[in-house]
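Asker: what's the 3D shape of this:
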Amino acid sequence: MPPKLSDLEIQRALGSLPGWARRGEVLTKSYTFATFAGGIDFVQRIARAADAVDHHPDIDIRYTKIVCTLSTHDAGGITQNDLSLASTIETLAEK
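Answerer: Here you go, the predicted model:
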């Protein structure tokens, strides 16, 4: 299990993850799509990427709004795995 990151490490990393925010022991970001189907396509891209690295976000789907929340539950907070997946999700959102 990767170690939980320090507050400073998390703050520094958030500088390169636009729109992502720390809420306690999780990272979160909301995405909005023009259509419901567009949001679901995004969720499917996230699912494939998450399965590939065996690290899975919590995803809330509200019509065209998708909220991604990341935390490493076994570590009790935010780890490098969460930052890496957040970066991947950013790339997937651009497609």
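Asker: Show me what the helix ranked longest in the chain is packed up against.
Answerer: Taking DSSP state H as the assignment, the helix of the chain that covers the most residues is helix 36-53. Under the contact criterion of 3 or more C-beta pairs under 8 Å, 6 or more residues apart in numbering; DSSP states H and E, the helices and strands touching helix 36-53 comprise strand 58-62, strand 65-70, helix 80-93. (Glycine included, C-beta is placed from N, CA and C.)
Asker: of all these, which lies closest to residue 3?
Answerer: Proximity of those to residue 3 was assessed by C-beta to C-beta; the nearest stretch is helix 80-93, lying at 8.2 Å.
Asker: now what about that closest one, what contacts it?
Answerer: Contacts to helix 80-93, defined as C-beta atoms under 8 Å, 6 or more residues apart in numbering, come from residues 2, 5, 10, 13, 16-18, 20, 27, 29, 31, 42, 45-46, 49-50, 53, 55, 57, 68, 70-72.
Asker: quick one: that helix to helix 36-53, angle?
Answerer: If you take axes from the mean of the first three to the mean of the last three C-alpha atoms, to 10 degrees, helix 80-93 sits at 140 degrees to helix 36-53.
Asker: So the residue nearest in space to the middle of the chain versus residue 75, what's the distance?
Answerer: By C-alpha atoms, centre = their mean, the mean C-alpha position of the chain lies nearest to residue 86, the distance being 3.9 Å. Using C-beta to C-beta, to the nearest Å, residue 86 is found at 15 Å from residue 75.
Asker: So what's the residue count around residue 85?
Answerer: Per other C-beta atoms under 10 Å, the neighbour tally for residue 85 reads 22.
Asker: Residue 29 now?
Answerer: A total of 19 residues lie near residue 29 under the criterion other C-beta under 10 Å.
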